[in-house]
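Participant: Let me see the structure of the following:
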Amino acid sequence: MNVNDLATQHCQPRKGKEHALGGAQVTELLQQLPSGWQLRGDGAAIVKDFRFADFHHTLGFINAVGFMANQEDHHPDLEAGYGHCQVLWSTHDVGGLSLNDFICAARVEALLAR
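Facilitator: As a prediction, this is how the structure comes out:
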């Protein structure tokens, strides 16, 4: 599976520990994403800081990510400032990372590739 394969998938409802990804699965999927994505803390989230020329472009990115997240019914934590936005994905219902997080990370990358 590569980033394009991930970006074409859609999120599915995932609740319970049985949907949490193991360490090997997380490592494999993280390698499929473009550079910059990192595990956060104890590996319960993935995060990337995106840089933009100005606040206007940052806000456009936030709106595009928000629209995609609503369509997928899977929402990130966002932290933004002038010229940057940090995107953090985690699946609270599984207590860590699920396939949905990697699908959405790949979809964010696809937004920027357009």
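
Participant: on contacts alone, who are the packing partners of the helix or strand residue 31 falls within?
Facilitator: Assigned by DSSP states H and E, residue 31 belongs to helix 23-32. Packed against helix 23-32 by the contact rule (3 or more C-beta pairs under 8 Å, 6 or more residues apart in numbering; DSSP states H and E) you find helix 3-8, helix 99-113. For every residue, glycine as well, the C-beta is placed using N, CA and C.

Participant: Most tightly packed of these?
Facilitator: Sort those by mean neighbour count, taking mean count of other C-beta atoms under 10 Å, and helix 99-113 sits at the top with a mean of 21.

Participant: which helices and strands does the following helix or strand past the helix holding residue 31 pack with?
Facilitator: Using DSSP H and E, the helix or strand that follows helix 23-32 in sequence is strand 38-40. Applying 3+ C-beta pairs under 8 Å, 6+ apart, one finds that strand 38-40 makes contact with strand 45-51.

Participant: can you point me to the longest helix in this protein?
Facilitator: Longest helix in the chain by number of residues (criterion: DSSP state H): helix 55-72.

Participant: Nothing else from me, thank you.
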